[in-house]
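Provided below are the primary sequence and the corresponding predicted coordinates.
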Amino acid sequence: MRVAVLGAGYAGVTLTKKLERTLPEDVELVLVDDTGVHLVQHELHRLVRKPSLADVITIPLTDLVDRAEVRERRVTGVDREEHLVRFADGTTLSYDVAAVCLGAETAFYDLPGVEEHATPLKRLEHATRVREEFDAVRERDGHVVVGGAGLSGVQVAGELAQVAADDREAAAQAETAEQEEVRISLDEADAEPATDEAVDDEFDTEFEDFGEFDALPEEGVTVTLLEQFDSVAPNFPERFQRAVHDQLVERGVDVRTGATVERATADAVHLTDGTTIEYDQFIWTGGIRGPDAMAGDRPVVRSTLSLDRTTFVVGDAARMVDDDGEAAPASSQSAIRAARVAAENIDRMVDHLRDGEAGDFDPRLDRFDFDSPGWLVSVGDGAVAQVGPTVFTGRAALALKATVGGGYLSSVGAVRNAVDLVNRELGIDPGDE
Ligand SMILES: Cc1cc2nc3c(=O)[nH]c(=O)nc-3n(C[C@H](O)[C@H](O)[C@H](O)COP(=O)(O)OP(=O)(O)OC[C@H]3O[C@@H](n4cnc5c(N)ncnc54)[C@H](O)[C@@H]3O)c2cc1C
């Protein structure tokens, strides 16, 4: 008998790790992923500012699993009738029970020009591309537009704005240092303390023709975040939304809510209200759709996480509805929690298929009840945390975010990565900042 787990994100890895402990020894467990690594996607935006973090947030699957067989293949289809997974290389894999954990793809909603001109942020290569484009934008004090203010949009906008704010501060410090040098040289020449006006005059004269100085940013990079709904992080509690909004504004992000993108050209985004916003870089985080292997659909799964008796769909690949009939937001938190329930149910189904007689009733399955303890996001060097009804920011929020991220990595056995992540998040090891 074989259980196939398709996709090794939060859902797939959590599920596999749990099944490794509980499935009978003679049941084969296969984990399929097209990258061969587990990406801690909720930290992907960090790579825009800290590229060396890539080593911390990607873990080879063979380091994570014990008895599961890892296959690095791209899934192109799941034939539920035939119990067959099809791969891009033409091979197939038969299964008795499958868990589809393929995550989501970026949705461009057929908005003219958006897919062509914008860079999404879902995979490692996207983060690299966003960073390279942003480096060019920094050279010319350009303007970045981020379309979509969900979890990924607010966090990438926060990272870019933090870089811009740091650049401005560095430029201001350089200017102060230059002025101080002029003051000292005037003091030495006149043997009298120089007035501020004299320093400014001398400074302007001295650097009038100094090209490099002229190139220092006056304003620096600017970042605009567009959201069609009335607030950022639209699927989250109101107090959390307000705190995220304030953190973004504090870092200089131009947040525009009620701003619906209609189309894009090579240098401008056009909104439905007729506004045109020129850009040097356009990042699209405006929505998700189902994986190609599921024809782009995110099927609705009930709280048992089962699509049919032997196919489970877990995480962003599905629209998961919990036991209270509430839709669980697409998030790492939902994926991990649902995967624990799905693992229990797969276990029961495997037992049933092994022992059961034809015509037996299916086993009673556990139900997923999504009761979130809270939410956490980073906004540049800051963070916003909501625990129960309380929302807080600053070091405490950052420490909690680092702890939760580290806790997750430890829970899947990546202890070294957990320690590194906490150290990097708390600035104990600054890496390449
Ligand atoms: C920048 C960013 C920041 C985020 N921040 C947060 C946050 O702060 N908090 C939060 O809760 N959530 C956050 N999220 C959302 C969260 O990352 C997702 O909801 C979560 O990753 C979903 O988990 P998953 O296991 O369903 O899918 P994924 O983690 O996307 O995993 C899917 C896996 O399937 C593999 N795969 C996909 N297609 C194929 C194929 N055809 N063949 C083989 N393998 C395939 C992929 O390589 C991947 O390993 C963020 C997302 C982004 C992009």
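Cool, the structure landed.

which residues in this structure form helices?
10-22, 54-57, 61-64, 114-117, 124-139, 151-190, 196-206, 211-214, 238-250, 332-355, 395-411, 415-425 (DSSP state H).

out of the ones you listed, nearest to residue 101?
Closest to residue 101 of these is helix 10-22 (CB to CB; 3.6 Å). Where you see a C-beta, it was placed from the backbone N, CA and C, and this is true even at glycine.

and the helices of the chain, which one averages the lowest pLDDT?
Mean pLDDT values for the helices of the chain show the minimum at helix 211-214, a mean of 41.

ok and the residue in the stretch 151-300 of the chain nearest the ligand?
Relative to the ligand, the nearest point of the stretch 151-300 of the chain is residue 152 (3.4 Å; CB to the nearest ligand atom).

what bridges to the closest residue to residue 36 other than its chain neighbours?
Sequence neighbours aside, residue 72 is the residue nearest to residue 36 in space, at 4.2 Å (criterion: CB to CB, 6 or more residues apart in numbering). Residue 72 has these beta-bridge partners by DSSP bridges: residue 33.

out of the helices of the chain, which one sits most buried?
helix 10-22 (a mean of 24; mean count of other CB atoms under 10 Å).

what's it packed up against?
The contact analysis (3 or more CB pairs under 8 Å, 6 or more residues apart in numbering; DSSP states H and E) places helix 10-22 against strand 2-6, strand 28-33, helix 61-64, strand 97-100, helix 332-355.

how far is the longest one from where the chain is centred?
To tie it back to what came earlier, the one meant is helix 332-355. 25 Å (CA atoms, centre = their mean, to the nearest Å).

counting by contacts, list what that helix packs against.
Here helix 332-355 touches helix 10-22, strand 97-100, strand 311-313, going by 3+ CB pairs under 8 Å, 6+ apart.

got it, and the second one?
Strand 28-33 is packed against strand 2-6, helix 10-22, strand 69-72, with contacts defined by 3+ CB pairs under 8 Å, 6+ apart.

counting neighbours, which bits of that strand end up buried?
Buried residues in strand 28-33, counted by 16 or more other CB atoms under 10 Å: 29, 30, 31, 32, 33.

which one of the helices and strands packed on helix 332-355 lies closest to the ligand?
Closest approach to the ligand among the helices and strands packed on helix 332-355 is made by helix 10-22 (3.5 Å; CB to the nearest ligand atom).

say whether the ligand is contacted by that closest one.
Yes: for helix 10-22, a contact with the ligand is found by CB under 6 Å from any ligand atom, at 10, 11, 12.

report how many residues lie close to the residue nearest to residue 36.
If you count neighbours by other CB atoms under 10 Å, residue 72 ends up with 14.

touching, it and residue 33? I think so.
Yes: look at residue 72 against residue 33 with CB atoms under 8 Å: they come within range, at 6.5 Å.

and residue 345, which of the helices and strands packed on strand 28-33 is closest to it?
helix 10-22 (10.2 Å).

relative to strand 2-6, how tilted is that closest one?
Interaxial angle of helix 10-22 relative to strand 2-6 (axes from the mean of the first three to the mean of the last three CA atoms, to 10 degrees): 160 degrees.

bridged to residue 384, which residues?
Counting by DSSP bridges, the residues bridging with residue 384 are residue 377, residue 393.

so how far is residue 304 from it?
Per CB to CB, to the nearest Å, residue 384 is found 33 Å from residue 304.
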